[in-house]
Every structure is written in structure tokens, then in C-alpha cells.
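Novice: Whatever this is, show me its structure:
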Amino acid sequence: MDKIPNLNLKEWLSWYKNKKWPTKKQWGWFWKILSRREKLVFAVCCLLFLSSFAVLGNSFYLKNTEIGPATAGEFNEGVIGQPRFINPIYISSNDIDRDLVEILFSGLMKYDSEGKIVLDLAKDYKVEEEGRIFEFSLKDNICWSDGKKLTVDDIIFTIETIQDSSYKSPLRANWLGVEMEKVSQETIRFRLQKPYNAFRERLTLKIIPAHIWKEIPVENFHLANYNLNPVGCGPYRFKALTKDELGYITLLELESDPNYFGEKPYIPKFSFHFFDNEEELKTAAQAKQIQGFSARIAPEANGFSEYELTIPRYFALFFNSDPEAKRIFSDPDLRQALNYATDKEKLLQELLDQQYYFSAQIIDSPILPQLYGYDPPAETYQFDIDKAKELLDQAGFKEDTDGMRKRIINKDASFKLTSDLKTGSQGVEVKELQKCLAKDPEVYPEANTTGYFGRQTKAAVIKFQEKYASEILKPVGLSSGTGTVGRSTRAKLNELCFQGLETVTPLKFSLVTVQDSVLAEAASLLKKQWEEGLGLEVEIKTVKLSNLERDVVKQRDYDCLLFGEVLGIIPDPFAFWHSYQKQDPGLNLSSYENEKADRLLEEARESSNPEVTREKLEKFQDILIADAPCIFLYNPNVLYLVSSEVKGVEANLVANLSKRFSNIEKWYIKAKRNWK
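Specialist: Predicted coordinates:
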């Protein structure tokens, strides 16, 4: 073993100058030969060096990395109600079905987080023949959640199933007249009867797997297990569902689909929890059992971020104005009167004060000009109760002594005495005379209606004349009856027995709406405004949504209907107001018909020029508002609350509530630093 030379530091360094790199043991000698002061200086230098290295290293790391999503965590969504058909061809007004279909399936097109329509299953498309032909090419290697390949056959099968009336799809009206051609396994061509500028929005329709559904008979489609255990092609796939002892679904679990063709979600597990009412939902949110839920108003739940969603829709009161239906609202004066008699600002404020909505806007037009950037209508119905009363008077509904409005119609009698009658006269007039006299036993106790004016009839006429002497005899200076029917006697007989018919029609009608606390309250407030302001009577009828669609809307069995309509991201009110849509499955709920309006709607949807579409729709709104087929009321926003731990959520303008999940692949809970 080497001995430590008896050297100072300078000599020690010189001694080692020409030697090999020191061993660990020799380094120990270095520390021992340092003086106390030298040890302190050396330690400070080392500390400064290490600190500088750490700072520089950290700076380099931060500069060359960024915080991004990590694949981890679980998201729990809370909803009220039960899923029925997790099947794209059956989704209609069930929000839960829409939510699940949005996550589990994909379409040729989709909505992005800004509400724009972008490619989904399709990698590109082209439009030909001025908007009559649309050709789409599929992305490569798209698979269903069961691993089978998705092809054009699946798209054709989905749309043909919807078009077939046997399957009773509520979407059938959207696809009537659309022809499809399989160009290849990856390319499909759609041919339309007329150009349609909003057809791309139709193609956000989610596709179902033909290899699953083509083996199921039409009569079993509604009953198939795949309606609650679906095979899809969305970012998530079905994992499991849990039911309670009564058979109600309480939990539906999803997991990230490894076969998904797009970006894989950062949140690997996504579950839906089902509640009976809003109170249960809020309790679960306060207990942090769920991380997301929608609400009309903000509940008292800490730790949630609020997203206010705007949907292109409106709620309105639709008058059944079809003249063939012979309903009360076929009269335009009556429809306009109720428009003037509706205080929309008061109605909306009362709904907001009662916390039925978080926020809402008053609506006056069928094309939502403030949302689509169109000009507002030239004229609207501002609240004016005097104008409403004037129109009701004009329509024949006058205010009675009891304050209620009635329409009184007098019709001339079908028969009147016109001839002078005396002894020996005979025929129809004599017979009617005898019937009239017989109504008073004191005048004509025999009551014989022979049609011959004899002794008994003459005696009855004398008694009649003397009974009404002040009107028949005294004016001509007579004190006793003559027994002949002259002008004054005939006039009294006609007054008593041959009056015209009087028809009294009270201003009364029924208002139908869905069994929903908000719409029921809105109906009640409208009833109060009209009854107090105009003196009419309204009967409110609330119906379950499923029954409303089947028994009421389909049959147009209502005087007026309080309901909502969703327009879509691309404005196209054709389905709601064109006369072709008056009958089921059309959605013209007012049975509105106007040739000019029809023509403008057709030209608006056929034009590929947005400015032409704008011009046509602005003209259309003015025509429709003047005809007053409904009362436009308001458009409420929806509040979506998400745990503050969840990032990446982007939602503002959405086609419907389910589109809050349009960028679900980008949601994340955990974060990490990634190299740039």
C-alpha cells in the first residue's frame, strides 16, 4: 500500500501530475491533506457547481418538455332516466340514448368542439352535379369494437334500414328519396333528387354493424340485446351494465376501444350512472360520486366547472291551423290575437325566477337570426293586449257580461209564415201554423195538425190574437180577434215559433304539452296570461313523451301544442314548415301551408351559395310571422357541469345536448410532462 507523502497541497498535486488517475483510496488522502479552510472553500465550490448543474438541467428539461394529458383515471357521468335503445336508427328525443350513441358509434361526418361539421369515418368527399351527388371515401382499417372491419356495406345497411317503414325509425323522413351506390368497399355515392346544402349534416348519422343486425328479424329489432349491449365503432366500447332488484339499470360501464380508428381517449374508463330525479343527481354530485352532469340551473356543488351550452332550438306554441281539421285556430285573427296577448318577457322572467332555467333568450323567428347571423324579422308581435282584444272582436269573439268571450252566430230560420191565412186555407203553411199554435195548450187544446184551416184553427187564432192583443190588435184599433192570419199576427207567430238558430261558441281550447315540470309551468303561465287578459278558457293536457309522439303529434290531435324544435348547425327549417311536412312523419306541427313560403324554403336548401340561402330564409321568416302559425317563445341554454379535475372539455354551440361529448378523446384527468 502506498504511503501518504509528507507534502503540502501544491507538492501533492505535482507529485500526482505524472501518475495514473487516483484510486478511491487515494482520493481519500486528498481530503485528509486539506486544511480546514481549504476544505470549506472546496465544499462551497462543489455545492455551487452542483446547484448550477441542477438549475441548468431543470431549465433544459422545462424548455424541451410540455405538460400534456396522461392516459389514466375514470369519469362518471350522471343522467336522469333510463336508456332504451343504444341504437342510432332509434334515437329520437331520449337524451340518454343520444349520449351513449354519441360515444359508442361514429358517422361519416361529425361535429367538432366548435360545432363545425368535419370528417369522421370519411377521409375525404366530393360534391357533384350542383349538390345532387355526394361521394365519400372511408379511412383505412376502420374496425368495429368486436374487431370486424367496417365497410360501405354497413353504411348502406344502416340507411336502408331507416328507409324501410317496417323498422319504424323516427329518422325515416330524413332519408326518403336518398339513393346509394357502392362504388367500392371504401367508397359510397349518394344521389339526391334535388340539391341539398345541409346534406353533410345528415351524414353525422351514426352507423350500425350489418354483420350483427342483418341476422335479426324486423319484428325483433326493438327487442334485441344489442340495443343495450351494442357493438359500435366509437372511441369507447360497451363493457358491462348493472341492474337493481327491480330490473332498472343503475350503471353502464364503458372502456376505451383499442380498435378505434381515431385518437384514443386519455380517460380509459367512462361510466354512466342513472338516477330517478334531479335531487338524486345533485346529491351524487355533492358527494363527488359523479364528475359530470347537465342541469337547467347551477346546483350547490363545489369543485365543478360550468359550461353554458347553446343549442340551435326554440320552444313555441304551435297552433293546429289546418282548415280541414276544423279546429279553432284555422282563424288567422285568433292566432294573431294570442301572439299579441303573450307577454314573453314576463313569461321568461318568471321561469328564470323560479330557477327552471339558468339562462334563456326570447325568440321571435323560426330561423334564429341572432344565432346564424341573419337579419331579424321586419315585424314581430310585441305585447299589446288592446290589439289582441281588437282582433278577437274582429274574429267575432265578443266579451259577454260575465267577462268571457263568445262568438254568437245567428242563422235564418229554415221556414217562416209568409201568406195571409183564413178559413178554408190549406197546405204546408197551415200545418206549420197549427204546430205553432199547439205549443200553447190554452190557445189550441185540440192540437190537430191537419193542414186545413177549419173552425178549430180559427178559434185558436182568435185566442192567440187576444193573448197578444197589445202587439196584434191594439195597434190597428181592434179589441177582439178576427180569426184570420194577417201581417201583425204572422209576425208574432214567426217570432215565437220560427226564429233563426243562434250558435254560441265560447273561446275555449286545449293546450297540450309533454309531462315535464318546466313546460307544464310554462303552459300554466300562458293560461294565466290569456285568461286574465282576454277572458278565454284554456284546458291544459300533459302527456308522456312516448305517448305524445305516438298519439298526439302523429295524429295532429291538438288545438295547440307547446313543444320544442331543434334546427341543426346548418339552418334548414324545411322539415318544420314546408307543406309537404304537414302529415306524419313530417314535423310541420302547425299544419302550416303557404305557397310562397314553400318556394323560399325549397330555394334556400337547394342553393350552394350561403348568401342566397340567407336571402331566402330572411324573406321566409317575414311571411311565416305574418301568418302567425305559432307563438315563438324562447331558447334556453343548458348548463353542463364537469369536475374541475377534468381538463380538455370544450363546448359552446352544440347541435344537441349529446354533442357535449364531441371532443371526448381530448378529455383528461391526469397530466405528465412529455418531450416536445
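
Novice: how close does Arg191 sit to Asp627?
Specialist: 35 Å (C-beta to C-beta, to the nearest Å). All C-beta atoms are positioned from the backbone trio N, CA, C, and that covers glycine.

Novice: Who has more neighbours out of those two?
Specialist: Asp627 (18 against 15; other C-beta atoms under 10 Å).

Novice: tell me the contacts of the nearest residue to the more buried one once chain neighbours are set aside?
Specialist: Distances taken as C-beta to C-beta, 6 or more residues apart in numbering put Asn594 closest to Asp627, at 6.0 Å, once the chain neighbours are dropped. Contacts for Asn594 were tallied using C-beta atoms under 8 Å, 6 or more residues apart in numbering; they are 579, 623-624, 627.

Novice: same check, this time on Tyr226
Specialist: Contacts of Tyr226 by C-beta under 8 Å, 6+ apart are 87, 212-213, 216.

Novice: where does it land in three-state SS?
Specialist: helix (DSSP: H, G, I helix; E, B strand; the rest coil).

Novice: State the helix or strand in which Thr613 lies.
Specialist: If you go by DSSP states H and E, Thr613 is part of helix 610-627.

Novice: which strands and helices sit next to that helix?
Specialist: Applying 3 or more C-beta pairs under 8 Å, 6 or more residues apart in numbering; DSSP states H and E, one finds that helix 610-627 contacts helix 595-606.

Novice: what's the angle between the helix it packs on and helix 610-627?
Specialist: 150 degrees (axes from the mean of the first three to the mean of the last three C-alpha atoms, to 10 degrees).

Novice: which helices and strands does helix 595-606 pack with?
Specialist: Where contact means 3+ C-beta pairs under 8 Å, 6+ apart, helix 595-606 is packed against helix 574-577, helix 610-627.

Novice: Show me how far the last one is from its chain's centre.
Specialist: Helix 610-627 has its average C-alpha position 22 Å from the chain's average C-alpha position, going by C-alpha atoms, centre = their mean, to the nearest Å.

Novice: now do stretch 274-287
Specialist: With C-alpha atoms, centre = their mean, you get 23 Å for stretch 274-287.

Novice: Only alpha carbons, please: show that stretch as PDB.
Specialist: The C-alpha trace of stretch 274-287 is given here as PDB (Å, rounded to 0.1, in the frame of the first residue of the first chain):
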ATOM      1  CA  PHE A 274     -78.700   6.600 -13.900                       C
ATOM      2  CA  PHE A 275     -80.900   8.500 -11.400                       C
ATOM      3  CA  ASP A 276     -84.700   8.800 -11.000                       C
ATOM      4  CA  ASN A 277     -84.800  12.500 -10.400                       C
ATOM      5  CA  GLU A 278     -82.800  15.700 -10.200                       C
ATOM      6  CA  GLU A 279     -82.500  15.600  -6.400                       C
ATOM      7  CA  GLU A 280     -80.700  12.200  -6.500                       C
ATOM      8  CA  LEU A 281     -78.400  13.500  -9.200                       C
ATOM      9  CA  LYS A 282     -77.500  16.600  -7.200                       C
ATOM     10  CA  THR A 283     -76.800  14.600  -4.100                       C
ATOM     11  CA  ALA A 284     -74.500  12.300  -6.100                       C
ATOM     12  CA  ALA A 285     -72.700  15.400  -7.400                       C
ATOM     13  CA  GLN A 286     -72.200  16.900  -3.900                       C
ATOM     14  CA  ALA A 287     -70.900  13.500  -2.700                       C
END
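
Novice: quick one: low-confidence parts of the stretch 501-650 of the chain?
Specialist: Residues of the stretch 501-650 of the chain meeting the criterion pLDDT under 70: none.

Novice: Bridged to Cys630, which residues?
Specialist: Phe318 (DSSP bridges).

Novice: ranges for the helices of the stretch 51-200 of the chain?
Specialist: 95-104, 152-163, 172-175, 199-202 (DSSP state H, counting those that start in this stretch).

Novice: and Asp333, which of those is closest to it?
Specialist: Evaluated with C-beta to C-beta, the helices of the stretch 51-200 of the chain place helix 172-175 nearest to Asp333, the distance being 32.3 Å.

Novice: for the closest one, which positions count as buried?
Specialist: 172, 174-175 (16 or more other C-beta atoms under 10 Å).

Novice: now, which of the residues you listed sits nearest His222?
Specialist: The closest of those, once distances to His222 are taken by C-beta to C-beta, is Arg172, at 14.9 Å.

Novice: if we can go back for a sec, neighbour-wise, which of the contacts of Tyr226 leads?
Specialist: Asn87 (25 neighbours).

Novice: residue contacts, Phe329?
Specialist: 319-321, 335, 509, 559-560.

Novice: try 7 Å
Specialist: Residues near Phe329 by C-beta atoms under 7 Å, 6 or more residues apart in numbering: 319-321, 335, 559-560.

Novice: Leaving out sequence neighbours, find the closest residue to it.
Specialist: Phe319 (3.8 Å).

Novice: Now for the one you found, how many residues are close by?
Specialist: Neighbour count of Phe319, defined by other C-beta under 10 Å: 29.

Novice: I'd say it and Tyr592 touch.
Specialist: No. With contact defined as C-beta atoms under 7 Å, Phe319 does not reach Tyr592; the gap is 8.9 Å.

Novice: shared neighbours, these two?
Specialist: Pro629.
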